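>>> just the structure for this:
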Amino acid sequence: MSSHHIVRENQEPALLIEDLFLIGEEDLGQLLEWSPTIVIENNMVDPLDARGYKFDIVFAQTQANQTQENLKVIPYTDNFLNSAIEYLVEHQYKAVNVVTDQISLARYQRYLDLINVVLLAQGMRYYFVTTGFTKWKAGGEQLKIDSQGEEITTEGLRKIGENLYETEEDGLFTLGFSKSKYILIGETIS
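Prediction:
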C-alpha cells in the first residue's frame, strides 16, 4: 500500500538558497523530499545545475542563464534576500527555509509577522520564537539563544555559556521575555 500526500501550492515551506555550501547533501536532500519551491540568486544556477537539482525561481540583476524549463526569472536591483522574501510573502507562502550564513534577528524582523522563517547553516537550524515558546527536547541537548540583550526566563534549561543553554532533562522547556517580540533560537539538525 502506498501513501500519497496532496500538497497544495505554497503549502510547503519554500527553500531559499543563498549559499549552497552551508548545508550538507543529506540535510538538503531531506528539505527537497517535499518538493519545495526553490528560490535562488543567479550565482547559484551553475552549482545547483551541476548537481542535477531543479530550481523554480531565479532572482537576477543581469540576464539569467535559463538552463531549465519552467524557470521563473525575476529581476531585482536592491537585495536578493529582501526581494525573494517579499516575493514569497506576496505570493502567500506561509514559510521559508533559508540556507544562509546571515544569522540575525535584525535581518528578518520585518518579515516575521508575515512568513515563518527558518535559517539553516553549518548543521544548525535557527528559528524565531515569541514569549511563552515551549518545545520538547531530550535531556542534555544544547541550544543557542540570541536574546539581543533581552532578559529571558527559562524553565527546563540551564545556562552553560554565552547564549548557550542545555536541557536539564527529557521534557518540555519554556522561554519567557518581555521587551522583544521575537528572539532567535539555534539547535543542531538531527
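>>> which residue lies nearest the spatial centre of this protein?
Nearest to the geometric centre of the chain sits Val118, at 2.5 Å (C-alpha atoms, centre = their mean).
>>> for that residue, give me the pLDDT.
With respect to pLDDT, Val118 scores 96.
>>> now name the helix or strand holding it.
Assigned by DSSP states H and E, Val118 falls within strand 116-121.
>>> downstream of that strand, the next helix or strand is which one?
The helix or strand immediately downstream of strand 116-121 is strand 124-129, counting by DSSP H and E.
>>> quick check: mean pLDDT across that following strand?
95.
>>> contacts for that strand, please.
Applying C-beta atoms under 8 Å, 6 or more residues apart in numbering, the contact partners of strand 124-129 are 103, 105, 108, 112, 117-120, 144, 175, 182-189. Every residue, glycine included, has its C-beta placed from N, CA and C.
>>> which of those residues fall in helices?
105, 108 (DSSP state H).
>>> drop anything exposed from the contacts of strand 124-129.
Among the contacts of strand 124-129, those classed as buried by 16 or more other C-beta atoms under 10 Å are 103, 105, 108, 117, 119-120, 144, 175, 182-187.
>>> of those residues, which pair is most distant in space?
The span of the buried ones among the contacts of strand 124-129, defined through C-beta to C-beta, is set by Leu120 and Leu175 at 20.8 Å.
>>> so, low pLDDT: which residues of the chain?
By pLDDT under 70, the low-scoring segments of the chain are 1-11, 63-69.
>>> helices of this protein, start to end?
Using DSSP H, helices in the chain cover 25-32, 45-50, 80-90, 105-108.
>>> next, format those helices as CSV and append distance to Ile74.
Below are the helices of the chain laid out as CSV (distance: least, C-beta to C-beta, whole Å):
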stretch, distance to Ile74
helix 25-32, 21
helix 45-50, 13
helix 80-90, 6
helix 105-108, 20
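>>> quick one: contacts for the residue nearest to the centre of the chain?
Listed by C-beta under 8 Å, 6+ apart, the contact set of Val118 reads 13, 95-98, 125-127.
>>> same thing with Ala84?
16, 39, 41, 57, 59.
>>> the fourth one bridge partners, please.
According to DSSP bridges, Val39, Lys72 are recorded as the beta-bridge partners of Ile57.
>>> now do the contacts for it.
Applying C-beta under 8 Å, 6+ apart to Ile57 gives the contacts 37-40, 71-74, 84, 87.
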